[in-house]
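Peer 1: Give me a 3D structure for the following:
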Amino acid sequence: MSERLTRNTVIAIVGVALLITAFNIIQNPMVEAEEPTTRWYGIAGVNFELPLGLRFNYSRLGEGSLSYMEGYFFRVRYENETHLPFISFSWKEWEPMNFTEAVARGYNYSDPDDTLYSFDGFVNSSTSEHIFLYQKFNKTGSSGNRTGYIGYWNCTNSGRIHTLLVENSIDSNSSALFDLFNQSRTTLNCHYPGQTPGGEVDEIDLPFDIDTLINVVFMIMMTVGFTFTFMLEGFPNFAHTSYAGIGGMVSFYLVRYAGFHPYDTWPFSAFVGGVIALALYVGVVKPIRRHGGYQDITLTFTFLVLAMVIPQLSYIFNYWSRYTGGAAARGYNLSYFDFGYRGIPGIAMTSTATCILLIIWLRHFLTKDKLGLSLRAVAENEALAATIGINTHRAHCASWFISGALSALVGSIMTIYRGVGVAGPEGLIISIMSGAILGGVYSVYGAIFGGLFVALGQNILKNLFFRFFGLAVETWSGLFPMLFLVIALSFFPNGLIGPEGITLEKISIGLERVKKRLMGLFK
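Peer 2: Numbers count the residues shown, from 1 in each chain. Now for the predicted structure:
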């Protein structure tokens with residue numbers, strides 16, 4: 001009776017979800033309209049308007065491409081024009097920035113190597129509720145002598161660094177040039193596309209950082225998925241984050257070619273990710289298991305190779321999308337479809353709610369559901385589980401499907417947050433392994449704790465080092481996940497959470513190990 005009730009409940013939930021999706025698509029059709037080039041720029045998340053008579057154009061930034069995350073916007077000079085000012089505006093993904101780099105970007109990296117820049121009059125101001133730094137500059141070199149104003153700021157909403165440059169000949173009116181620079185600065189609105197710029201609505205002042213909250217959600221979901229396969233198979237699935245790239249690709253395709261809203265694509269992305277993971281288990285893992293030998297080592301290297309091979313599917317899709325489908329896709333970013341409430345992006349609310357529901361479902365699945373109980377039994381002792389009639393093959397299939405579905409779901413969510421790269425979230429596998437080890441690789445509940453601990457710990461470390469080293473910390477912040485992995489393997493190889501939970505004995509053992517390591521450093 002309970003199995004029938006569970007099956008009927010699942011069918012009812014799926015049916016309701018499909019009906020809601022169909023109703024949403026019918027009521028909110030997403031029609032691709034012919035729009036002028038300036039509207040395309042508005043989609044990139046910035047409004048920039050200046051007096052009539054100034055012609056502007058869009059271009060690539062240096063060797064990069066014109067896209068949501070990278071581009072160049074400049075005022076076109078009329079033929080033989082020398083007396084009117086030149087204005088340029090660029091945007092690029094978040095990276096360390098200084099005034100020399102900013103002014104070089106303002107000229108689109110076109111100045112000769114002998115060009116020298118000097119700066120004067122540093123000012124710390126604000127624009128669109130972001131810290132805006134600017135200075136007056138002079139340029140000398142074989143390309144000519146120019147003077148002007150250069151400014152830059154980090155847009156925390158879109159995850160990009162923006163630069164604004166206004167310049168003219170060295171003998172130009174400095175006061176008039178600054179007025180034009182200041183007017184350009186004040187007309188810039190940098191915000192989530194389709195949303196009201198900050199300051200025009202009554203925003204909620206949250207006691208925590210939105211980015212940290214979303215990163216915690218991602219880490220928990222990815223770490224749980226990683227643990228599901230590790231606790232049954234005993235080897236690390238290095239291709240786990242590659243499923244996220246697949247999830248992002250599915251969402252991008254359904255939005256751009258099938259008229260879906262990004263939120264409606266989540267179940268489809270999760271399903272495709274689960275099917276791909278299941279296919280890898282049936283087509284790769286099972287055959288290697290049958291042949292014996294050094295199975296775990298062979299599987300580890302096999303999935304390390306697959307982590308490099310799976311993203312090639314996205315590259316193939318990107319080529320088709322660009323040259324056949326008419327929609328360029330260097331990574332998948334659908335953040336301009338998101339909504340907001342009083343300054344809070346919708347993805348922050350929906351992803352958090354999804355993570356909470358996932359934790360509640362896991363609690364039910366692993367303690368009351370027959371399949372979940374069999375999965376736990378196989379993880380503890382597969383041979384014994386088989387002798388009491390548990391279908392071990394089904395348990396393995398379930399763990400792989402859940403793992404792939406969770407990773408692909410994260411990729412789908414990332415497309416609305418800040419976008420996901422073609423190869424999935426790069427470098428995240430180290431953080432995921434750190435979280436899994438800290439929580440205990442054979443504990444799903446430990447994975448939740450480990451993912452939370454690593455996400456918060458990395459954010460705290462980054463903020464701490466930022467106070468001492470400034471923006472330079474971004475150049476080596478990628479070492480933080482490796483630091484956590486080394487700490488986890490050195491001091492807590494069996495995790496902080498086990499069958500008995502966190503105990504005083506475990507804490508005491510951990511502190512004793514730390515003490516011995518520290519004493520060894522000073523001997």
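Peer 1: mind listing the strands for the stretch 401-523 of the chain?
Peer 2: In order along the chain, the stretch 401-523 of the chain carries no strands (DSSP state E, counting those that start in this stretch).
Peer 1: And the helices in it?
Peer 2: 428-439, 444-469, 479-491, 504-521 (DSSP state H, counting those that start in this stretch).
Peer 1: Against residue 238, how distant is residue 479?
Peer 2: Applying Cβ to Cβ, to the nearest Å, the value for residue 479 to residue 238 is 19 Å. No exception for glycine: its C-beta is placed from N, CA and C like everyone else's.
Peer 1: Compare those two (neighbour count), which wins?
Peer 2: residue 238 (20 against 12; other Cβ atoms under 10 Å).
Peer 1: How confident is the prediction for residue 47, by pLDDT?
Peer 2: Listed pLDDT for residue 47 reads 54.
Peer 1: What mean pLDDT does stretch 375-383 get?
Peer 2: 85.
Peer 1: Alpha carbons of that stretch, as PDB, please.
Peer 2: Presented in PDB, the C-alpha positions along stretch 375-383 are these (Å, rounded to 0.1, in the frame of the first residue of the first chain):
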ATOM      1  CA  LEU A 375      20.900   2.400  -1.400                       C
ATOM      2  CA  ARG A 376      22.300   2.900   2.100                       C
ATOM      3  CA  ALA A 377      22.500  -0.900   2.700                       C
ATOM      4  CA  VAL A 378      24.500  -1.400  -0.500                       C
ATOM      5  CA  ALA A 379      26.800   1.500   0.400                       C
ATOM      6  CA  GLU A 380      27.600  -0.200   3.800                       C
ATOM      7  CA  ASN A 381      28.000  -3.800   2.600                       C
ATOM      8  CA  GLU A 382      27.000  -4.700  -0.900                       C
ATOM      9  CA  ALA A 383      27.600  -8.400  -0.600                       C
END
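Peer 1: Which residues outside it are in contact with it?
Peer 2: 231-232, 366, 384-385, 388, 390, 392, 395-396, 398-399, 442 (Cβ atoms under 8 Å, 6 or more residues apart in numbering).
Peer 1: Now it: buried residues?
Peer 2: 375, 376, 377, 378, 379 (16 or more other Cβ atoms under 10 Å).
Peer 1: quick one on the thing from earlier: which one of the helices of the stretch 401-523 of the chain lies closest to residue 180?
Peer 2: Closest approach to residue 180 among the helices of the stretch 401-523 of the chain (Cβ to Cβ): helix 444-469, 33.6 Å.
Peer 1: I'd like to check the angle between the closest one and helix 428-439, please.
Peer 2: On the basis of axes from the mean of the first three to the mean of the last three Cα atoms, to 10 degrees, helix 444-469 is oriented at 120 degrees to helix 428-439.
Peer 1: Looking at the contacts of stretch 375-383, which one is closest to residue 183?
Peer 2: Nearest to residue 183 among the contacts of stretch 375-383: residue 399, at 59.6 Å, using Cβ to Cβ.
Peer 1: of the contacts of stretch 375-383, buried ones?
Peer 2: In these, burial by neighbour count holds for 231, 232, 385, 390, 392, 395, 396, 398, 399, 442, counting by 16+ other Cβ under 10 Å.
Peer 1: contacting residues for the first one?
Peer 2: In this case it means residue 231. The contact partners of residue 231, by Cβ under 8 Å, 6+ apart, come to 379, 399, 441, 442, 443, 444.
Peer 1: Relative to residue 101, which of those is nearest.
Peer 2: Taking those together and measuring to residue 101 by Cβ to Cβ, the closest member is residue 441, at 42.4 Å.
Peer 1: so what's that closest one closest to, chain neighbours aside?
Peer 2: residue 230 (5.0 Å; Cβ to Cβ, 6 or more residues apart in numbering).
Peer 1: That neighbour contacts residue 238, doesn't it?
Peer 2: No. Counting by Cβ atoms under 8 Å, residue 230 does not reach residue 238; the two are 11.2 Å apart.
Peer 1: that older thread, distance to residue 259 for the buried ones among the contacts of stretch 375-383 - can I get that in CSV?
Peer 2: Formatted as CSV, the buried ones among the contacts of stretch 375-383 follow (distance: Cβ to Cβ, whole Å):
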residue, distance to residue 259
231, 40
232, 39
385, 46
390, 44
392, 42
395, 38
396, 37
398, 33
399, 34
442, 44
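Peer 1: Which two of the residues you listed have the greatest separation?
Peer 2: The span of the buried ones among the contacts of stretch 375-383, defined through Cβ to Cβ, is set by 390 and 442 at 17.3 Å.
Peer 1: Unless I misread the structure, residue 142 falls within a strand.
Peer 2: No. Assessed with DSSP: H, G, I helix; E, B strand; the rest coil, residue 142 is coil; it does not lie in a strand.
Peer 1: Any idea what residue 90 is bridged to?
Peer 2: residue 72, residue 163 (DSSP bridges).
Peer 1: Please tell me how far it sits from residue 161.
Peer 2: From residue 90 across to residue 161, the span is 9 Å (Cβ to Cβ).
Peer 1: Tell me which of those two has more neighbours.
Peer 2: Neighbours were counted for residue 90 and for residue 161 using other Cβ under 10 Å; residue 90 has more, 26 against 21.
Peer 1: got a list of what that one touches?
Peer 2: By Cβ under 8 Å, 6+ apart, the contact list for residue 90 reads 61, 71, 72, 73, 105, 106, 108, 162, 163.
Peer 1: Just to check, the third one is in contact with residue 58?
Peer 2: Yes. Between residue 72 and residue 58 a contact is recorded at 7.2 Å, counting by Cβ under 8 Å.
Peer 1: Compare these two (neighbour count), which wins?
Peer 2: Higher neighbour count among residue 72 and residue 58: residue 72, with 23 against 14, using other Cβ under 10 Å.
Peer 1: before we move on, back to that, farthest-apart pair in the contacts of residue 90, please.
Peer 2: 108 and 162 (14.4 Å).
Peer 1: which one of those two has more residues nearby?
Peer 2: Ranked by neighbour count (other Cβ under 10 Å), residue 108 and residue 162 place residue 162 first, with 26 against 16.
Peer 1: I'd like the contacts of stretch 375-383 as TSV, with secondary structure and distance to residue 221 appended.
Peer 2: Listed next are these as TSV, based on DSSP: H, G, I helix; E, B strand; the rest coil; distance: Cβ to Cβ, whole Å:
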residue	secondary structure	distance to residue 221
231	helix	16
232	helix	18
366	helix	16
384	helix	31
385	helix	27
388	coil	32
390	coil	27
392	helix	26
395	helix	21
396	helix	21
398	helix	17
399	helix	15
442	coil	19
